[in-house]
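Chemist: sequence first, then the predicted structure, then my questions.
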Amino acid sequence: MIGHTKVLGPLAVFADGFRTELERLGYTRSSREYKLAEVARLSAWLQTRGLGAGDICSARLQEFFVDLVARSGRAPTLVAMRPLLVWLRERGLCPGDPPSTSGPLDELMECYRHWMQTDRQLASRTRLRYEQGARLFLGGRARQGRGAAGVEGLREQDVAAFLLAEAARGFSTKTLQGRVAKLRSLLRFLYSQGMTATRLGEGVPPVPGWKDTGVPNPLAADEVQALLDSCDRSTASGKRDLAVLLLLARMGLRAAEVAELELDDFDWRAGELVVHGKGRRCDRMPLPAEVGEAVGTYLLEARPRAECRTAFLTLVAPPRPMQTTTIGQMVWRQCRIAGIEPVRAHRLRHVLATELLANGVRPPCPGAAPARPGHGGRLRQGGLPGATRAGPSLAGRAMSGGLKAALGEYLGLRRALGHKLAEHERQLVRFVARLDDAGIDYVTMADTLAFVLDPDLDPRTSVPAKRLMAVRGFTRYLSAIDARNEVPPAGVVCYRPSGRVPHLFSDDDVAAVVRAARACTPFAFRAETLTSLIVLLAVTGMRVGEALRLDCDDIDWNQALIRVRATKFGKGRDVAVSGSTLDALAAYKDGRDHKRPATTRLFVSLAGTPVLYRNFALTFRQAVRASGVGVEEPTCPRVHDLRHSFAVRTLLGWYRADLDVEALLPRLSTYLGHREPRFTYRYLTATPELLGHAAARLEATQVVIG
């Protein structure tokens, strides 16, 4: 015997060979002996039943586990015994498990995998996730007796019931979005194979949500360095973790990109690294000396010996490629070791991007997003496309309960997924009532046009476009129930804002409006509330709704920051304010606290309730008229013009200081809470002076290029 564990019975002759195999796989001495102890118990169990090595299979091991639990209360798992099974089968010492019988659902999933790979060209990980979602949906239906594969009698009501049940489980927005994406893919596959009569996938509503809605906790450069210094360079795990952390923090790679790196991706002679990114992109990046040295040290001194070409492997035998979740857990663990607040791997990418912007590195110019491969959309050359019909005509298949009941189900489903739909509900109630009065139980293109292009509506307003948007969503849902419903195309009505020129408030204008507000308000506290709001909007550029929703706890008095929450597109952010603004807010808060309001909102009314937008907007207009500001203009200046004025003043200050406005514009976009920097570019056309500065910069650039 090579080790001290003694194996008796039918597996005794294989003990030394299996111990050598475990050593080759990288198991430590103690782990090898622990595995041999499990083999010894299995061998004794086989001997008592007159069985040999040739009788070992997964089912036999399950019997062994049951007996072992009954005797000792614990037993190894099938995964723990897999090295022994694989080693015996490679040498022909025991047969493989009999092939599992595949049922109708398994056969359907095989076709679904082939469709995703050939027709949709989805990545392997995406195919795996979509198949798991399909098995969750269809497997539940099969257990309810809806056919062996769960497809029998599939209707839109079943899809809605599944989504409502998933939404009731309290999943996050991202999880619900994933559920919807998986379900749509499955339903489109079923329709393409003729298993459903209508396009059920078209009736699945989206889940609202925007990216980067929260304000990430900042991670300072010294904290990043502390994270790197926390790696123990004398151990194999420390060398590996340091290399991974440097790839994340110094090169800004995603955790998935690090996990997918292979040995051939490192070009050591050229000092470059090939990164396989999102969207099947493949980029060559320069490899910094610090990163290359750490990776090289890991590969030469700490990487386990393995046939796998993946660069970063687990250190627990047998060595396997590190997964994205493993890297994220490693970063979290190292943060605790370094004594800093734990973060995930992607935060290091944010830190690098912030540092690059702070050092003047320009982001890509805003513009249209590149087309995604495989998603051509509906392309046409001139003319208006016809109404989209989903599936073959099913004449006579009326909806149970009528349009009114379908509208209730539609609104209930979308609200369960997170939509508000206040305006949509108002328009759709009118639309359904109109159809019910006419005795119509399905929607045609003519019905939609008659409602959207109602002659009683002012075509210059946004109401026709809002009606079209509401009806389109509803008819997509209806088309999955009854194919007679026609989905109108998106281009029937186009609404373009009138381009109203905003009034640009000067400092004197703001002071005049504040004086008029105090004069026209008989109550001192109400005057303080009104003037504090006006000044806050003028000096921060916040939206009026954001200011009205501020809570007292949203102000960081020590850091002179206002945390904006529950804002447009969910873009929470921190707004820095000056000391004088902070003093003014503190003075107002003292007066507010004397009222002892029942709400936590910062700005309150005389009754101690939150200030309503319509009341504030009305009082603001009265103060503007009383001050004489904008009296020469055709329309009265709006409260939102304070936001425009702040943005324009900021841009003018940068131009006059001869700063790089193009590099600074993303900062202004973030400060204002815009979804993308391109929405901030429109402020460049707000005044002739700004236009002149922008034209001069463009002309100078053209001269340099020429």
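Modeler: Sure thing, it's come through. Numbers count the residues shown, from 1 in each chain.

Chemist: centre of the chain to stretch 469-489, how far?
Modeler: Between the centre of stretch 469-489 and the centre of its chain there are 27 Å (CA atoms, centre = their mean, to the nearest Å).

Chemist: using PDB, write down the CA coordinates of it.
Modeler: The C-alpha coordinates for stretch 469-489 follow below in PDB (Å, rounded to 0.1, in the frame of the first residue of the first chain):
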ATOM      1  CA  MET A 469     -48.900  53.800 -28.300                       C
ATOM      2  CA  ALA A 470     -51.600  52.600 -25.900                       C
ATOM      3  CA  VAL A 471     -53.600  50.800 -28.600                       C
ATOM      4  CA  ARG A 472     -50.500  49.100 -30.100                       C
ATOM      5  CA  GLY A 473     -49.600  47.500 -26.800                       C
ATOM      6  CA  PHE A 474     -53.200  46.400 -26.100                       C
ATOM      7  CA  THR A 475     -53.700  44.900 -29.700                       C
ATOM      8  CA  ARG A 476     -50.400  43.000 -29.400                       C
ATOM      9  CA  TYR A 477     -51.800  41.300 -26.400                       C
ATOM     10  CA  LEU A 478     -55.200  40.800 -28.100                       C
ATOM     11  CA  SER A 479     -53.600  39.300 -31.200                       C
ATOM     12  CA  ALA A 480     -52.200  36.400 -29.200                       C
ATOM     13  CA  ILE A 481     -55.800  35.600 -28.000                       C
ATOM     14  CA  ASP A 482     -57.700  36.200 -31.300                       C
ATOM     15  CA  ALA A 483     -55.800  36.500 -34.500                       C
ATOM     16  CA  ARG A 484     -58.500  38.800 -36.000                       C
ATOM     17  CA  ASN A 485     -57.100  41.700 -34.000                       C
ATOM     18  CA  GLU A 486     -54.800  43.800 -36.100                       C
ATOM     19  CA  VAL A 487     -51.700  45.500 -34.600                       C
ATOM     20  CA  PRO A 488     -51.200  49.000 -36.100                       C
ATOM     21  CA  PRO A 489     -47.700  49.900 -37.300                       C
END
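
Chemist: what does the average pLDDT come to for that stretch?
Modeler: Taken as a whole, stretch 469-489 carries a mean pLDDT of 88.

Chemist: now the helices for the stretch 501-650 of the chain?
Modeler: Remark: helices assigned in the stretch 501-650 of the chain by DSSP state H, counting those that start in this stretch are 507-519, 524-540, 544-548, 579-595, 613-627, 641-656.

Chemist: among those, which is nearest Asp447?
Modeler: Across the helices of the stretch 501-650 of the chain, Asp447 has its closest neighbour in helix 613-627 (34.1 Å, CB to CB). All C-beta spots, glycine's among them, are computed from the backbone N, C-alpha and C.

Chemist: against which helices or strands is that closest one packed?
Modeler: On a contact count with 3 or more CB pairs under 8 Å, 6 or more residues apart in numbering; DSSP states H and E, helix 613-627 meets helix 507-519, helix 524-540, helix 544-548.

Chemist: can you pull out the low-pLDDT segments for the stretch 601-706 of the chain?
Modeler: Applying pLDDT under 70 to the stretch 601-706 of the chain flags residues 683-706.

Chemist: then the stretch 201-350 of the chain?
Modeler: Along the stretch 201-350 of the chain, segments meeting pLDDT under 70 span 210-218.

Chemist: hmm, back to that, which one of the helices of the stretch 501-650 of the chain lies nearest to Ser230?
Modeler: The closest approach between Ser230 and any of the helices of the stretch 501-650 of the chain, judged by CB to CB, belongs to helix 579-595 at 36.8 Å.

Chemist: next, the buried residues of that closest one.
Modeler: Neighbour counts using 16 or more other CB atoms under 10 Å place Thr581, Leu582, Ala584, Leu585, Tyr588, Lys589, Arg592 of helix 579-595 among the buried residues.

Chemist: which elements pack onto it?
Modeler: Contacts defined by 3+ CB pairs under 8 Å, 6+ apart place helix 579-595 against helix 524-540.

Chemist: now the angle from the helix it packs on to helix 641-656?
Modeler: Taking axes from the mean of the first three to the mean of the last three CA atoms, to 10 degrees, one finds helix 524-540 and helix 641-656 inclined to each other by 30 degrees.

Chemist: now helix 524-540: buried residues?
Modeler: By 16+ other CB under 10 Å, the buried positions in helix 524-540 come out as 525-540.

Chemist: of these, which is the nearest to Thr324?
Modeler: Of all the buried residues of helix 524-540, Thr324 sits closest to Thr540, with 38.8 Å by CB to CB.

Chemist: now the closest one: how far from His424?
Modeler: Relative to His424, Thr540 is positioned 32 Å away (CB to CB, to the nearest Å).

Chemist: what's the answer for Arg549, then?
Modeler: For Arg549, the distance to His424 - CB to CB - is 22 Å.

Chemist: roughly how far out does stretch 420-440 sit from the chain middle?
Modeler: Counting by CA atoms, centre = their mean, stretch 420-440 comes out at 32 Å from the chain centroid.

Chemist: quickly list the domain ranges of the protein.
Modeler: For the chain, automatic domain parsing gives the domain ranges 12-90, 104-203, 221-358, 399-487, 507-640, 646-705.

Chemist: just put the ones you listed in TSV and tack on distance to Gly209.
Modeler: As requested, those are arranged in TSV below (distance: least, CB to CB, whole Å):
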stretch	distance to Gly209
domain 12-90	36
domain 104-203	4
domain 221-358	17
domain 399-487	7
domain 507-640	7
domain 646-705	13
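
Chemist: and the helix or strand harbouring Ala405, C-alpha only, in CSV?
Modeler: Assessed by DSSP states H and E, Ala405 sits inside helix 402-416. Written as CSV, here are the backbone C-alpha positions of helix 402-416 (Å, rounded to 0.1, in the frame of the first residue of the first chain):
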residue,chain,number,x,y,z
GLY,A,402,-65.2,40.7,-24.2
LEU,A,403,-62.8,43.6,-24.7
LYS,A,404,-63.5,45.1,-21.3
ALA,A,405,-62.5,41.9,-19.5
ALA,A,406,-59.4,41.5,-21.7
LEU,A,407,-58.4,45.1,-20.9
GLY,A,408,-58.6,44.4,-17.2
GLU,A,409,-56.4,41.3,-17.6
TYR,A,410,-53.9,43.2,-19.8
LEU,A,411,-53.6,46.1,-17.3
GLY,A,412,-53.3,43.7,-14.4
LEU,A,413,-50.5,41.7,-16.1
ARG,A,414,-48.5,44.7,-17.0
ARG,A,415,-48.8,46.4,-13.6
ALA,A,416,-47.8,43.1,-12.0
